[in-house]
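Chemist: predicted model follows, preceded by the sequence.
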Amino acid sequence: MYSDDYAALSAIWAAMIGFTLFFGIVFYIVGSFFMMKLFDKAGVQGGWRAWVPVYNMMVFFKLGDLSPWLVLYGVGGSILLTAFGIGALFSLALGVLSAIAAYRIGLKLQKEGAWVVLYVFLSLVWLGIVAFDRSRWNPAIPPAPWAGNGFLGDRTVWDGVPVQPSAAPAPGFGYGRPGYGQPGYGQPGYGQPGYPVQPGYPQGGYPQGGYPQAPDQGGHPPAPGHGGYPTVPGAPGAPVPPPSTPPTTPPGPPAPPATPPAPRPDEEPPRAPGPDDRPGPVPPSPPQP
């Protein structure tokens, strides 16, 4: 009696395992085919990448702006740490990261963020929709928030897999990163091409120091030698140069006195006045009739 029950139970378990393996193989074949079509949309060269276990998820993570090595961490942790009871945590973390990668891939295929819910519950249906709809791959989306993170960000370069601009490695944040370098910013003196240098501002940058020092409360001028921005001629507060005067010619030597003309022979030489030459009294005028 017990042998019959054991045989029946073994047959049930064998049937369940067989159905599970069958559906698992079918699921894997269909999912790999959908993923191959998705990779073809993203510009991945070589359809065989979608058929290699584990590696296809690494490429999927890379297209989703996540480090592909996170897949190995999750699979290795779930296998090696299952005996310690924490392997399920790695499997859960791997599922969450795959949903994040699907969210980023959906954005590049013009899908709303709510489409990730379909991936969480029906990943095979989600793959079929994004693989065969009319959406086109567009990597020109804002960078991922974790793009600069050394653990989550994608910094791996593989032949045949296009590098995503939003996940490209960068030395830092802000201007100066590859793809954000704008002409004129980050250059000495803000020397933008096509803009002439303003008078008073030297090209190549401002001198070391700061703004010109203002006179102190005592009225004393700033100490010489202090740096600052050069003053633009004509600006308020600029020193007024003294008016320029034309140079004067130094006076020459005085002219010699004029020589009196020589007397003519028929003229009487002038004599010095004597006492008799004084004027006499004026006679009175005669009375009028």
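Modeler: Received the coordinates, thanks.

Chemist: which residues of this structure score low on pLDDT?
Modeler: Low-confidence regions of the chain, defined by pLDDT under 70, span residues 1-3, 165-289.

Chemist: list the residues that contact residue 87.
Modeler: Going by CB atoms under 8 Å, 6 or more residues apart in numbering, residue 87 touches 77, 78, 79, 80, 81. Where C-beta positions appear, they are placed from N, C-alpha and C, glycine not excepted.

Chemist: do residue 70 as well
Modeler: Taking CB under 8 Å, 6+ apart, we find residue 70 in contact with 61, 94, 97, 152.

Chemist: closest to residue 27 out of the residues you listed?
Modeler: Ranked by distance to residue 27 (CB to CB), these are led by residue 94 at 17.2 Å.

Chemist: look up how far residue 95 lies from the residue nearest to residue 152 when sequence neighbours are not counted.
Modeler: Setting aside the residues directly before and after it, residue 152 is nearest to residue 146 in space (CB to CB, 6 or more residues apart in numbering), at 4.1 Å. Taking CB to CB, to the nearest Å as the measure, residue 146 and residue 95 are separated by 17 Å.

Chemist: give me the more crowded residue out of the two.
Modeler: Applying other CB atoms under 10 Å to residue 146 and residue 95 shows that residue 146 carries more neighbours, namely 16 against 13.

Chemist: mind checking how far that one is from residue 16?
Modeler: For residue 146, the distance to residue 16 (CB to CB) stands at 41 Å.

Chemist: go on, residue 51?
Modeler: 27 Å.

Chemist: name the residue in these two with the higher neighbour count.
Modeler: Counted by other CB under 10 Å, residue 51 and residue 16 do not tie: residue 51 has more neighbours, with 14 against 10.

Chemist: my guess is the more buried one meets residue 31, correct?
Modeler: No - between residue 51 and residue 31 there is no contact, the gap being 10.1 Å when judged by CB atoms under 8 Å.

Chemist: before we move on, back to that, take the contacts of residue 70 and keep only those in helices.
Modeler: Applying DSSP state H to the contacts of residue 70, the entries found in helices are 61, 94, 97.

Chemist: by neighbours, which of these wins?
Modeler: Within the ones in helices among the contacts of residue 70, neighbour counts (other CB under 10 Å) peak at residue 61, which reaches 27 neighbours.

Chemist: any idea how far residue 134 is from that one?
Modeler: Here residue 61 is placed at a distance of 25 Å from residue 134 (CB to CB).

Chemist: can you count the residues close to residue 79?
Modeler: Residue 79 has 12 neighbours, counted by other CB under 10 Å.

Chemist: mind telling me what element it is part of?
Modeler: Here residue 79 is covered by helix 69-80, with elements defined by DSSP states H and E.

Chemist: can you pull the buried residues of that helix?
Modeler: Neighbour counts over helix 69-80 (16 or more other CB atoms under 10 Å) mark 70, 71, 74, 75, 77, 78 as buried.

Chemist: from the residues you listed, which is closest to residue 141?
Modeler: Of all these, residue 141 sits closest to residue 70, with 20.6 Å by CB to CB.

Chemist: and the longest helix belonging to the chain, what does it pack onto?
Modeler: Selection of the longest helix in the chain by residue count, based on DSSP H, yields helix 2-42. Contacts of helix 2-42 with other secondary structure elements, assessed using 3 or more CB pairs under 8 Å, 6 or more residues apart in numbering; DSSP states H and E, are made with helix 55-63, helix 87-108, helix 123-132.

Chemist: try it again with 7 Å
Modeler: On a contact count with 3 or more CB pairs under 7 Å, 6 or more residues apart in numbering; DSSP states H and E, helix 2-42 meets helix 55-63, helix 123-132.

Chemist: tell me which of the ones you listed is the most buried.
Modeler: Sort the helices and strands packed on helix 2-42 by mean neighbour count, taking mean count of other CB atoms under 10 Å, and helix 55-63 sits at the top with a mean of 22.

Chemist: output the contacting helices and strands for it.
Modeler: helix 2-42, helix 69-80, helix 87-108.

Chemist: Throw these into JSON lines and include distance to residue 160, thanks.
Modeler: What follows is those, written out as JSON lines (distance: least, CB to CB, whole Å):
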{"stretch": "helix 2-42", "distance to residue 160": "10"}
{"stretch": "helix 69-80", "distance to residue 160": "18"}
{"stretch": "helix 87-108", "distance to residue 160": "18"}
